[in-house]
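> For reference, the sequence and a predicted model appear below.
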2 protein chains.
Amino acid sequence: MLQVWALAGIGEVAPGTDLVEVIADAARGELVDGDIVVVTSKIVSKAEGRFVVADDREAAITAETVRVVASRTSPTGHVTRIVENRLGMVSAAAGVDASNTPEGTILLLPEDPDASARTLAAGLRERTGALIGVLVSDTLGRAWREGQTDAAIGAAGVQVFEDLRGHVDAEGRPLVVTMPCVADELASAADLVKGKAARLPVAVVRGRADLVGSLDLPGARSIVRPAERDMFRLGADEAYAAGHADGAASAHPR
Amino acid sequence: MLQVWALAGIGEVAPGTDLVEVIADAARGELVDGDIVVVTSKIVSKAEGRFVVADDREAAITAETVRVVASRTSPTGHVTRIVENRLGMVSAAAGVDASNTPEGTILLLPEDPDASARTLAAGLRERTGALIGVLVSDTLGRAWREGQTDAAIGAAGVQVFEDLRGHVDAEGRPLVVTMPCVADELASAADLVKGKAARLPVAVVRGRADLVGSLDLPGARSIVRPAERDMFRLGADEAYAAGHADGAASAHPR
């Protein structure tokens, strides 16, 4: 049985807020060995003071962007930019967020979400005495499918993949290519109790203690597929245009 | 509080197995209004007799393929084909599955997973008297992220998106672009209790009764983004090659 619930009583988070204290207080002594705490990246960013003034939104996106993957302008002139950010993640607007922030400000992603998760996990383990795992979650769009799901962008003390590659199926044959990304599935499960409009940025998942372990387990950075191994490292229009330019150039006499 | 558990006692499923009966029996009278039953597509396919002989694997993939999105050959000669299938879904090998099937056979996806979900939901509602939602789930890879997560490929009686577009954030500003794909998040949550190697192909999610409603709600087909609106409708290498050929041709004198 998996149980997932949001912690009530997480108040407004501001730069310098001690999230370990806030989460431990909201959990009211209920955290036990094997619990996984899923924290929305937004409050981690707020606690870390990752605000910039709203006027700089486009500049902030550009600063967070390592590489433009695809962009498209809607008939109304709205530009969607899918980019690879500092963390290697591919997402819209590099994770720069203008909702649920004080008027006139926007919020960047945490500087290093795996490090943030590790600080939280270490603090919660010390404070509660329980073996706690921590995920930092963000809301991501997908290729090929509409809408968004929550995924893990930071992790500490939790296996991000359930590695079944050495296992066999019910017929005894190897499960060769199966590597469920349990960290993303846990973040998605947590999103189902958090609610986007409510102030419920922290959820607890209980029932997968088998995934909780050392703080030295690989972080969520290991979920990110390197661009050079990604068949979708560039949007179709962008790749076509690059090919077209190269094709035209190669056909010209030198 | 969200509760997610797998139903024990789902035995071997064969062509013609009555899944409504099997699931209702395994649930032992515990299903209540608002429960969402998440059924692995594999047992739906088995019950529907979607077997083909294993010799025809490549032919089966080709038959299920509407459009090749991307393909890559590994240094060992293994070919990964990412294709759009009959259902519009983009996935590896068109969902053709050779694990956990009888020796010598492979399994296609259900003919129409939304229709399968609807038959199951209608049957479970009739049998239990409770307002049940049903999702049919499959394991999908993703662009940009390693590993797989479970997603909904069939749905009946469940909202597949939680549409927040008319809502406001905690500061009163509209949540303009947020449309969580709760069906995929529910499928992911269910995967956390199912286990790939075990025979636990059905899970129940309790605690989001607000998402359960009419059997006429849009199915999982509505999650699929049409290729013409998808910035990643073609792999980067494939799009580049198409552009290169067109560019070279356009530069040649006629």
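That came through, no problem. Numbering: from 1, shown residues only, chains lettered A, B, ... in the order given.

> Next up, identify which helix or strand residue A:25 is on.
Per DSSP states H and E: residue A:25 is located in helix A:19-27.

> Can you give the strand pairings for the following helix or strand past that helix, parallel or anti for each?
Scanning forward in sequence from helix A:19-27 by DSSP H and E, the next helix or strand is strand A:36-40. Strand A:36-40 has its sheet partners listed here by DSSP bridges as strand A:133-141 (parallel), strand A:202-206 (antiparallel).

> Give me the neighbour count for the residue of the stretch 1-150 of chain A found nearest chain B.
Going by CB to the nearest CB, chain B is nearest to residue A:147 of the stretch 1-150 of chain A, at 3.5 Å. (Each C-beta comes from the backbone N, C-alpha and C, glycine too.) Residues contacting residue A:147 under the criterion other CB atoms under 10 Å in any protein chain shown number 22.

> Skip the chain neighbours and tell me the closest residue to it.
Leaving aside its sequence neighbours, residue A:147 sits nearest to residue B:181 (CB to CB, 6 or more residues apart in numbering or on different chains; 3.5 Å).

> pLDDT score for the one you found?
On pLDDT, residue B:181 comes in at 97.

> In contact with it, which residues?
Each residue near residue B:181 by CB atoms under 8 Å, 6 or more residues apart in numbering or on different chains is listed here: A:145, A:146, A:147, A:148, A:149, B:152, B:160, B:161, B:223.

> Most neighbours of all the residues you listed, which one?
Busiest of those [other CB under 10 Å] is residue B:152, holding 31 neighbours.

> that's a strand at that residue, yeah?
Yes - using DSSP: H, G, I helix; E, B strand; the rest coil, the assignment for residue B:152 is a strand.

> a strand runs through residue A:81, doesn't it?
Yes - the assignment for residue A:81 by three-state DSSP puts it in a strand.

> for it, what are its contacts?
A:61, A:65, A:68, A:70, A:71, A:92, A:93, A:94.

> cutoff 7 Å now
A:61, A:68, A:71, A:92, A:93 (CB atoms under 7 Å, 6 or more residues apart in numbering or on different chains).

> Tabulate those (CSV), appending distance to residue B:205 and pLDDT.
Output for these, formatted as CSV (distance: CB to CB, whole Å; pLDDT from 0 to 100):
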residue, distance to residue B:205, pLDDT
A:61, 36, 88
A:68, 38, 94
A:71, 37, 92
A:92, 28, 89
A:93, 31, 84
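
> now, which of those lie close to chain B?
For chain B, no contacts are drawn from the contacts of residue A:81 by CB under 7 Å from any CB of the partner chain.

> Mind giving me the ChimeraX command for buried ones among those residues?
Buried members of the contacts of residue A:81, defined by 16 or more other CB atoms under 10 Å in any protein chain shown, are picked up in ChimeraX with:
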select /A:61,92,93
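
> Can you say which of the strands paired with strand A:36-40 is packed in most?
Greatest average neighbour count among these goes to strand A:133-141 (a mean of 27), per mean count of other CB atoms under 10 Å in any protein chain shown.

> Can you tell me how far residue A:245 is from residue A:239?
11 Å (CB to CB, to the nearest Å).

> One more: residue A:68?
In terms of CB to CB, residue A:68 sits 12 Å off from residue A:239.

> can you check residue A:212 too?
With CB to CB as the criterion, residue A:212 and residue A:239 are 41 Å apart.

> Same drill for these two, tell me which one is more crowded.
For the pair residue A:212 and residue A:239, the greater number of neighbours falls to residue A:239 (25 against 20), based on other CB under 10 Å.

> Skipping adjacent residues, who's closest to that one in space?
Nearest one to residue A:239, counting by CB to CB, 6+ apart, is residue B:239 at 3.7 Å.

> helix or strand for that neighbour, which one?
helix B:236-251.

> tell me how far that helix is from the chain's mean position?
33 Å (CA atoms, centre = their mean, to the nearest Å).

> Ok, stretch A:12-25 next?
20 Å.

> likewise stretch A:244-254?
41 Å.

> same check, this time on stretch A:47-61
18 Å.

> I'd assumed residue A:210 was in a helix, is it?
Yes - the assignment for residue A:210 by three-state DSSP puts it in a helix.

> Identify the residue nearest it in space, chain neighbours excluded?
Nearest one to residue A:210, counting by CB to CB, 6+ apart, is residue A:34 at 7.7 Å.

> So what does that neighbour look like in phi/psi?
phi 90, psi -10 (degrees, to the nearest 10).

> Just to check, it is in contact with residue A:207?
No - taking contacts as CB atoms under 7 Å, residue A:34 lies outside contact range of residue A:207: 8.1 Å.

> how about the residues of the stretch 1-150 of chain A near chain B?
Counting by CB under 7 Å from any CB, the stretch 1-150 of chain A sits next to chain B at A:1-5, A:70, A:72, A:82, A:90, A:99-100, A:103, A:142-149.

> if we take the contacts of residue A:81, which one ends up nearest to residue B:191?
Distance to residue B:191 across the contacts of residue A:81 (CB to CB) is lowest for residue A:92, with 25.3 Å.

> what bridges to the closest one?
Beta-bridge partners, per DSSP bridges, of residue A:92: residue A:82.

> so what's residue A:20 up against?
A:120, A:123, A:124, A:127.

> Over to residue A:233?
A:69, A:227, B:236.

> Using CSV, list the CA coordinates for stretch A:113-124.
The C-alpha trace of stretch A:113-124 is given here as CSV (Å, rounded to 0.1, in the frame of the first residue of the first chain):
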residue,chain,number,x,y,z
PRO,A,113,18.5,20.9,-7.0
ASP,A,114,20.4,17.7,-6.1
ALA,A,115,22.4,19.7,-3.5
SER,A,116,19.2,21.3,-2.2
ALA,A,117,17.6,17.8,-1.8
ARG,A,118,20.7,16.6,0.0
THR,A,119,20.7,19.5,2.4
LEU,A,120,17.0,18.8,3.1
ALA,A,121,17.4,15.1,3.5
ALA,A,122,20.4,15.4,5.8
GLY,A,123,18.6,18.0,7.9
LEU,A,124,15.3,15.9,8.1
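
> who's in contact with that stretch?
A:19-20, A:23-24, A:31, A:37, A:39, A:41, A:44, A:48, A:87, A:110, A:132-136, A:153-157, A:215, A:219-221.

> in stretch A:244-254, what counts as buried?
A:244, A:247, A:248.

> Of the residues you listed, which ones also sit close to chain B?
A:244, A:247, A:248.

> What segments of the stretch 51-200 of chain A are strands?
In the stretch 51-200 of chain A, the strands defined using DSSP state E, counting those that start in this stretch lie at A:51-53, A:65-73, A:79-85, A:90-92, A:105-107, A:133-141, A:148-156.

> Tell me which of those strands lies nearest to residue B:193.
strand A:133-141 (17.0 Å).

> Sketch out the low-pLDDT regions of the stretch 1-150 of chain A for me.
The stretch 1-150 of chain A contains residues with pLDDT under 70 at A:100.

> The stretch 151-254 of chain A too?
A:165, A:169-177, A:196-198, A:253-254.

> got a list of contacts for stretch A:215-225?
A:87-89, A:113-114, A:117-118, A:121-122, A:152-160, A:181, A:183-184, B:144-147.

> buried stuff in it?
A:215, A:217, A:219, A:220, A:221, A:222, A:223, A:224, A:225.

> gap between it and the chain center?
The answer for stretch A:215-225 is 11 Å, by CA atoms, centre = their mean.

> likewise stretch A:58-71?
Distance, centroid of stretch A:58-71 to centroid of chain: 17 Å (CA atoms, centre = their mean).

> Burial check on the residue lying closest to residue A:80 once chain neighbours are set aside, number of neighbours?
Distances taken as CB to CB, 6+ apart place residue A:72 nearest to residue A:80, at 5.2 Å, with adjacent residues excluded. Residues near residue A:72, counting by other CB under 10 Å, number 14.
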